[in-house]
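Provided below for reference: sequence and predicted model.
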Amino acid sequence: MKRTSFHIQVLPFVLVILFTACKTDIPENAEKTNKLPAIYPDYTEITIPPNIAPLNFLVKETGEKFVVRFTPENGKSVVISDKSPSIKINAGDWKRMLSENLGKQLKVDVFVSENGNWKQFNTFTQQISNDEIDSYLSYRLINSAYVLWFEMGIYQRNLENFEQDVIIQNKSVGGGCINCHSLSRNNPEKFMFHIRAKFPGTVIYNNGKLEKVETKTDYTLASAAYGNWHPDGKHIAFSVNKINQNFHVFKDQSNEVTDKYSDLVIYDTENKTLTTSPAVSTRSRENLPEWSADGKTLYYISAPEAIDDSARTIARYSLMKIPYDVETKIWGQPDTVISAGQTGKSITFPRTSPDGKFIAFCMTEYGYFTIHHKNSNIFLFDIEKQQIIHPEGLNSTETDSYHSWSSNGRWLIFSSRRMDGVHTRTFISHIDESGKAGKPFVLPQENPEFYTDYLLNFNRPELMTGKITVSPQQIRDAAREAASPVSFDPDVNIDALSGASKIRNNQK
Amino acid sequence: MKTERNIVFITISAFAFISFLVAFLFINPALHYSEQQIAWLQGIHFFKYYLTYPGGLAEYFTLFVSQFFYSKWFGSAIVTLFPLLTIIFLVNTLYTRIKSVFLPVFFIPLIQVSVLALMSDYLFNFSLVINLFIVSLFLYCCFYAEVRLKLNLYFSLIPSLFIIYIVSGGVYFLIFTLSAILLLFNKPERSKLVLVATIAILSFIIPWFSWKFIYLTTLEHAFLRSVPDVAPMLRYSKPTLFLVTLGIIPLIIAVNLIAEIFNSTLKKKTTKKNSLPPVKTTIKKFLPLVLQTAGILIFAVIAFYYSHKPQDKLKAEIRLSASQEKWDDVLFKYQQVDGYDRMVNFQFNRAISHSGQMLERLFDYPQLLGSQGLFLDRPFTSEVALPNSDLYFDLGNIDESQRFAFESQTLMAYSPLVLKRLILNSLILEDYEAAKTFGKVLNENPVENDWLKKYEIVMENPVKATENKLIAEKRNIFTRQGGLFFTPRDKMLNLLDKNSRNKKAFEYLIAFDLLEHDLASFTDDMKFYNDQGYKKLPKTIEEAVVLFLSQRPDNNFLRSIRLSSETVNRFREFVKVMNSSQGNKEKAKIQASAFRNTYWYYVLFDSPVVTKVKLETKPSEANY
């Protein structure tokens, strides 16, 4: 009895101590500054997926103490108080706030104490979308060189937390170049990538089976390059390119990647055959194939024949389409979707949205390889209305380039150099049903200062509906095997090919 | 026993002292620092990288230690210290286990001598020394713990295997297992034999398992990695001595083990025959010491004979002087280089350009590769990335300098020289945010971050850029213009279009034209001559004009140039010598040796147009 009463007497004290120890006071009488706080990265006034990792940030205001309050419409507020301006949000609190507030706003208040005087900045909001983003993202991490390479790798990142795992590193394949990874409709069970220089070939992972093939045949001018999976997960459309590089061709643009020739081919993963058509292997330069959402049409870009160095370099690509039936292998007639002649610009990297409504693409002055084009911007094409949409607030004054859609078509991720003009980072933007884009925000990292000294580029970001579960060791072992050759479709009339393939064969 | 310990102590101390002197006076670790672009950073990105493969932690520690090579004093002390510690731990392990050291004067300094000989190669990576130190430290700890702390070797050696594999990886793990097994053979007993068998099995299983399931390394690296994987131009070609050094620890243990077995057998026999100890004469006492000393000296002479390459050192010094812009030093040292070297040629050209003597002294060094010794654009390989960036920075083509700096950064991610170049170029190009990114990385380098202070002010306040002499000067001559630039000539013309008084660009342009035997371009490019403020026509131009005039006497442009009588007379002499050889080219070449530093000699004997010497051009694959 005595013992119980002792507990009852002590308990309130313990609770008071615990409560005071955990509670973070919001500064009273803080002076209002009437401006938004400077934070890095900029996570103000954005729309965020409900399953995104905590958006940790750095308060870039002078002070010796920092208090940040997150106030959701439903549920408890979260207050973080620290002497460091680095604001790291507890993952559990963050998840709770987001899951309890779908379609609602999260208000964020920043207080900074400078010389003992508290300042309160204007509240900024983060709109929590109802639309989830695919839980994984794959990308290649590379340095900023143009010609040489040393170390690189393709990685996968869990967007719901900060975990990053290796898919393949080039040191596993003797330092060769690994590139152009691509997935079938964001499906981590169907992906491919190429290896060049050492252990060359194309590694394809399809329904639990890893294989490596060599896609160069006697009737194609090079190994397959830029690929896009058909929605059926059995066929991959590729371009085959003869690639060159020039430097400083255009002002403010360090590098220009150009093709002397390029054609399109389609690879059947089951029969291991390549096919093409005279319609997509012309003397013009067909490139960057992209399937429509229903898989009945192949979009691609095309530029006039490169008759000399000048024409090769200073070229504008139009967006084209051609019907193709993968079952019967019957091609339709090519048609222009967006003419470079009309826009006065070059169209590149077409990516169709999974709902079949939009094509996201880059527009630039010349060429197709926009990662070094400062003037490259991302646009949408409304397929039904046949109209180009310039998504307000999506683009920046720096390079905005390679993009991919989430599987629900509500999120567009893309590469941008807007943070420091040199390094490519992945940005995420919400796209609503009408094609309106939300303010993009950079892929969150656990350390808010991550991007300030990270010298690798996030290249070819591709969203994935889940994790690639095949181990990097298995991929390494497959990648080190000799590539098995693919055959060229015997039904294709070789003589009818009027494009690069024939030019190449004639040169032989 | 006490005498033997004294000998060991004296040997260790003496060779430590000698090591320091050799490292300081003959090797100069500062050259390793500059040749390998050694960099260690405090940041987490940097550290995390070294956790991704077995042996990464030792390489991380190696970079931490070897960053102090920037100072000749610190560097020499480090080169002395780690082999010294290695041998101390090894000797103590032997004392703990075998109770004596066989032929100490010969075997103890082996590591120190080998390391010094290996350090003669400026691409030698210090990780070998650090890993041998780690192996000896772990061996000592395990066997010391058994004797002094009575800790069963199962509990020390088995965990050590895993730790050593993670920390040192590859071949060092095998060195450790082999050494441990040898030490266990000292007093064979059943329990020890089981341990030996366990270690032997684990020495195969641990690397195989980690390769198969944990790391992304190759199978070969999982077992045999011995040096860091660095960019092609920094790769160390492992000589025989390197392989010998890898085996030194097990070798010393094995020799001591055999000696111990032999001694105990001998002792038993001697005891049976005669219980009295043999009387030692002075000669018998000192003869082994003399022989051992002679042995180690012979080893040292052979090791240095095969390792020491004074010409390589000289070239490394020239590169270091060029990176520090000590042009007089370059112009002094190039004369000592034997034969032709493209990079010496390139740095010589930069040195005469910086000292305003380019068109006076161009042929003081034989330009055997023609314009390929002037510009390194082709063939483009990893070793020319940073020198190319340097050259275009000199000339004021900051776009090109930055392009090649990015190529260099890909190969040497944290090289201080590359980061400095990227920062400076970014500031000149007004890419302040990029400058801050690179600046933050350089700031993590404790040895090099002082340099940053004078540029931080510009990063924070771009207005201050105009107050910085170097930035202002480069901005004045740099232009950001587009175009198809196929040759270095196109790039020089672009610079001169922006600022026709860019004397370095003019001199490189004229040198390029002349090295290419391109009279038409030379004639055209001389339009910039009057803007350069020459007091007299440079010697090389005079020599070119007089030669071209002899072939094209009707060329009005050439006739309009006034030549000094000295050059004209010299040319007459040259022609006379040529005529006297009556078409015998070899004879003419010998007779014209007095004209070796003239354009005429170049055109007739040295030019790649004549010699057909050509560097292979590699096709470069686009990095898509």
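Great, that's in hand. These numbers were taken from a predicted model, which means no experiment stands behind them.

Report the rounded mean pLDDT for the helix or strand where residue A:360 lies.
Using DSSP states H and E, residue A:360 falls within strand A:358-364. In this model, strand A:358-364 has a mean pLDDT of 97.

And the helix or strand following it, what does it pack against?
Next along the chain after strand A:358-364, taking DSSP H and E as the criterion, comes strand A:377-382. With contacts taken as 3 or more C-beta pairs under 8 Å, 6 or more residues apart in numbering or on different chains; DSSP states H and E, strand A:377-382 sits against strand A:358-364, strand A:387-389, strand A:400-405. In short, each C-beta sits where N, CA and C put it, glycine included.

what do you get if the cut-off is 10 Å, keeping everything else the same?
strand A:335-338, strand A:346-352, strand A:358-364, strand A:387-389, strand A:400-405, strand A:411-416 (3 or more C-beta pairs under 10 Å, 6 or more residues apart in numbering or on different chains; DSSP states H and E).

returning to that earlier point: relative orientation of the strand holding residue A:360 and strand A:411-416 in degrees?
Interaxial angle, strand A:358-364 versus strand A:411-416 (axes from the mean of the first three to the mean of the last three C-alpha atoms, to 10 degrees): 10 degrees.

low pLDDT regions in the stretch 51-200 of chain A?
By pLDDT under 70, the stretch 51-200 of chain A contains no weakly predicted segment.

picking up where we left off before, go through the helices and strands packed on strand A:377-382 and name the closest to residue A:206.
strand A:400-405 (19.4 Å; C-beta to C-beta).

Partner strands of the closest one and their direction?
Next to strand A:400-405 in the sheet, as set by DSSP bridges, lie strand A:411-416 (antiparallel).

from the chain's centre, how far out does the strand it pairs with sit?
5 Å (C-alpha atoms, centre = their mean, to the nearest Å).

same question for it, mean pLDDT?
On average, strand A:411-416 scores 98.

Check which residues of it are buried.
By neighbour count on 16 or more other C-beta atoms under 10 Å in any protein chain shown, the buried set for strand A:411-416 is A:411, A:412, A:413, A:414, A:415, A:416.

any idea of the angle it forms with strand A:346-352?
Going by the same axes, to 10 degrees, strand A:411-416 makes 150 degrees with strand A:346-352.

Adding distance to residue B:78, write the helices and strands packed on strand A:377-382 out as a markdown table.
Listed next are the helices and strands packed on strand A:377-382 as a markdown table, based on distance: least, C-beta to C-beta, whole Å:
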| stretch | distance to residue B:78 |
| --- | --- |
| strand A:335-338 | 63 |
| strand A:346-352 | 51 |
| strand A:358-364 | 52 |
| strand A:387-389 | 62 |
| strand A:400-405 | 46 |
| strand A:411-416 | 43 |
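
hmm, back to that, now the buried residues of strand A:411-416 as a markdown table including distance to residue B:56?
Shown next, in a markdown table, are these (distance: C-beta to C-beta, whole Å):
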| residue | distance to residue B:56 |
| --- | --- |
| A:411 | 36 |
| A:412 | 37 |
| A:413 | 31 |
| A:414 | 34 |
| A:415 | 29 |
| A:416 | 32 |
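
pLDDT weak spots in chain B?
Within chain B, the segments meeting pLDDT under 70 span B:1-2, B:4, B:188, B:270-285, B:616-624.

Spell out which parts of the stretch 101-250 of chain B neighbour chain A.
B:211-219, B:221, B:229-232 (C-beta under 10 Å from any C-beta of the partner chain).

still on that earlier bit, anything in the strand holding residue A:360 near chain B?
No. Shown here: strand A:358-364 not in contact with chain B (C-beta under 10 Å from any C-beta), separated by at least 13.7 Å.

ok, that strand: who's next to it in the sheet?
strand A:346-352 (antiparallel), strand A:377-382 (antiparallel).
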